[in-house]
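Asks: Build the 3D model from these lines:
(one chain, ligands or ions: 2)
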Amino acid sequence: MLTVAEAISRLLDSVLPIRETERVSLSAANGRVLATTQYSTVTVPDTDNSAMDGYAFRFADVKGTDTVLTVRQRIPAGRQGVKLGKSEAARIFTGAPLPEGADTVIRQEWCSTEGDKLKFLRFPEKGDSVRLAGEEVKKGEPVLYAGTRLRAQHLGVAASVGLTGLPVVRKPKVALLVTGDELLMPGNPLLPGKIYNSNYYVLRALLEDFGCMVTDGKTVPDNLHATCSALASAADSHDLILTSGGVSVGEEDHVKTAIEREGKLHFWKIAVKPGKPLVYGEIGKASPGKKGVPVIGLPGNPVSGFVTFLLFVRPYILRMQGVQDVEMKSVQVRAANSHDRPDERREFLRARLNGEGEAELFGNQGSGVLSSIVWGDGLIDNPPGRTIKAGDRVKFIPFSEFFGR
Ligand SMILES: Nc1nc2c(c(=O)[nH]1)N[C@H]1C(S)=C(S)[C@@H](COP(=O)(O)OP(=O)(O)OC[C@H]3O[C@@H](n4cnc5c(N)ncnc54)[C@H](O)[C@@H]3O)O[C@H]1N2
Ligand code: MOO
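Replies: Numbers count the residues shown, from 1 in each chain. Ligands and ions are numbered 1, 2, ... in the order given. Below is the predicted model:
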C-alpha cells in the first residue's frame, strides 16, 4: 500500500495542467484561478491622504501645544484642496488628499477649534495620520500572482487597482460517475435493500467548490460491462473522471478492473483510513504522445469519499488549474477525549474544536456515518498505530483549511 504522501506526490506528479484561459469579469472571478500575474497600472494611494477626520498642517509650523493655526479650507474625500499658507491648517476628512505643503494630520479628538483657530490638545509627531502615496502599491508592481485561487480579498485588490476583469484558467470538465445497484435518488420511495445516493450530492458540491464544471450520467450499475462503457464514454470530453464506489475487493466491485480494461491502472490502495481502496488510472488507450483521461475512483463509503476527496482530489484539481500551494496545513491541539483502537493505516478522524480549543473526537468513526462530518469541523491526522488519550497533542486540520485556499 502507498502512504498518503506517496499517493499525493504520484497524483500531483502526473497532473496535466489546463492551458486554456478565458477572461472573466471581476464579479464572475470568485473561486477561479488566476492565469497570469497582474501588475498595477496605478499607484495606490495615488496621493498622500488623511487617515483620520481632523486637520492637516505643516509639522514645522507647530512648535508646541500652544501653537495656534488658522483653518483656511475644508477638504472632504473626493475633493482637492489648495496649497497651505504659513501657519495654516485645512479641515480634512478620512481619505481626502492632503493639500500641498501639509505633511501631518491631527485627529479631531486631539485638538479644539474656536472660529477658524485650531489649538492642539496633544503634540503630534511628524507624519501622523497620513497615508503616503504608493504606500500600498506602486505603478508597475505585481499585485496578484498567477496560480492564485481568487477569493473576495483578491477581487478587492484587483478592483483597487482599477481592473475590471481577470484572465483565469478554464474550468476543469469533470465527469462524475456514481456506481452502485443499491442506490436510489432522493424523491423515490425507499425500497427494501436500497439506500439513497448521498455521494452524488457530496462529490458534485465538492467538485464545484473547487472550480470544476461537472457532468454526470445515470448511476452506473454494478457490472463490468456497464462500468467499462460509462468510463469509455466519459473519457470523450472530460479532463478528469471521478467515480464513487465499486473499488473494493468484492466481485461486485468493477471500477479497478474496468480501468485496467479501458486504459491503465496507476495505483490502487493507500494506507489511509478511511479511504484505503482509492484507485487512480487513466482511460483511453494512449496513442504515441497522447495521454489518456485521468480517473480517480473513490470508495463508496460516504465518509471515505468525502475525506479522500479532500486529501487527494482537491490538490489534484487545484494543481490542474495551476495552483501550486495545495498542501494541507494542520494545527497542534490537545485531544479532549480518547481514541483507543490503533490502526495500521494513517487515520483522519472526525473531530471538532471545543470551547477550550481541544479536539473532541466523534464517537462513531465508521466510514459510513455521514453525520460525523456534519458534527465535526475538521480531521485529526493520526499516525499509523497510534492511540490517543485525552490531553495528548494531536494534529488537527480544520475543514476551513481545505476550503479556504
Ligand atoms: N473484504 C473486504 N471488504 C471491504 C474492504 C476490504 O479491504 N476487504 N474494504 C472496505 C473499505 S475500507 C471500504 S472504504 C469499502 C469501499 O468499498 P467500495 O468502494 O467498493 O464501495 P461500495 O462497496 O460500493 O460501497 C461501500 C458502502 O458505501 C455505500 N455507498 C456506496 N455508494 C454510495 C452512495 N453513492 N451514496 C451513499 N452510500 C453509498 C454502500 O451502500 C456501502 O454500504 O469496502 C470495504 N469492504
Ligand atoms: O477505507 Mo474504508 O474507507 O476504511 O472504510
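
Asks: Tell me the residues of the protein that contact ligand 2?
Replies: In this structure, the chain approaches ligand 2 at residues Lys273, Pro274, Gly275, Lys276, Pro299, Asn301, Ser304, Ser367, judged by Cβ under 6 Å from any ligand atom. Glycine gets a C-beta too; all of them are placed from N, C-alpha and C.

Asks: burial count for Gly391?
Replies: One way to gauge burial is a neighbour count; for Gly391, by other Cβ atoms under 10 Å, it gives 11.

Asks: Find the helix or strand that it is a member of.
Replies: With elements taken from DSSP states H and E, nothing contains Gly391; it lies in neither a helix nor a strand.

Asks: Look at it and report its pLDDT.
Replies: pLDDT, Gly391: 98.

Asks: That one contacts Asn337, doesn't it?
Replies: No - in terms of Cβ atoms under 8 Å, Gly391 does not count as a neighbour of Asn337; the distance is 9.7 Å.

Asks: Columns distance to Pro186, secondary structure and pLDDT on top of the residues of the chain next to ligand 2, output as JSON lines?
Replies: Conversion of the residues of the chain next to ligand 2 to JSON lines gives the following (distance: Cβ to Cβ, whole Å; DSSP: H, G, I helix; E, B strand; the rest coil; pLDDT from 0 to 100):
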{"residue": "Lys273", "distance to Pro186": "28", "secondary structure": "strand", "pLDDT": "98"}
{"residue": "Pro274", "distance to Pro186": "23", "secondary structure": "coil", "pLDDT": "97"}
{"residue": "Gly275", "distance to Pro186": "25", "secondary structure": "coil", "pLDDT": "97"}
{"residue": "Lys276", "distance to Pro186": "28", "secondary structure": "coil", "pLDDT": "97"}
{"residue": "Pro299", "distance to Pro186": "21", "secondary structure": "coil", "pLDDT": "98"}
{"residue": "Asn301", "distance to Pro186": "19", "secondary structure": "coil", "pLDDT": "97"}
{"residue": "Ser304", "distance to Pro186": "21", "secondary structure": "helix", "pLDDT": "98"}
{"residue": "Ser367", "distance to Pro186": "21", "secondary structure": "coil", "pLDDT": "97"}
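
Asks: Just among these, which is most surrounded?
Replies: The member of these that has the most neighbours, counting by other Cβ under 10 Å, is Gly275 with 29 neighbours.

Asks: measure that one to Glu344 for me?
Replies: From Gly275 across to Glu344, the span is 14 Å (Cβ to Cβ, to the nearest Å).

Asks: same check, this time on Thr21
Replies: As defined by Cβ to Cβ, Thr21 lies at a distance of 45 Å from Glu344.

Asks: The two: who's more crowded?
Replies: When Thr21 is set against Glu344 and neighbours are counted by other Cβ under 10 Å, the residue ahead is Thr21, at 16 against 10.

Asks: Excluding sequence neighbours, find me the nearest residue to the more buried one.
Replies: Nearest residue to Thr21, sequence neighbours excluded (Cβ to Cβ, 6 or more residues apart in numbering): Ala35, at 4.0 Å.

Asks: Please state the offset of the helix or strand bottoming out on mean pLDDT in the chain from the chain centre?
Replies: For the chain, the helix or strand with the lowest mean confidence is helix 399-404, at a mean of 89 (criterion: mean pLDDT, DSSP states H and E). Taking Cα atoms, centre = their mean, to the nearest Å, the mean C-alpha location of helix 399-404 is offset from the chain mean by 6 Å.

Asks: Going by contacts, tell me the helices and strands next to it.
Replies: Here helix 399-404 is seen to pack against strand 378-382 when contacts are counted using 3 or more Cβ pairs under 8 Å, 6 or more residues apart in numbering; DSSP states H and E.

Asks: which strands and helices sit next to the strand it packs on?
Replies: Identification of packing neighbours for strand 378-382 by 3+ Cβ pairs under 8 Å, 6+ apart yields strand 346-353, strand 359-361, strand 393-398, helix 399-404.

Asks: where does the residue of the chain found nearest ligand 1 sit relative to Gly263, distance-wise?
Replies: Among all residues of the chain, Gly300 sits closest to ligand 1, at 2.6 Å; criterion: Cβ to the nearest ligand atom. Taking Cβ to Cβ as the criterion, Gly300 is separated from Gly263 by 21 Å.
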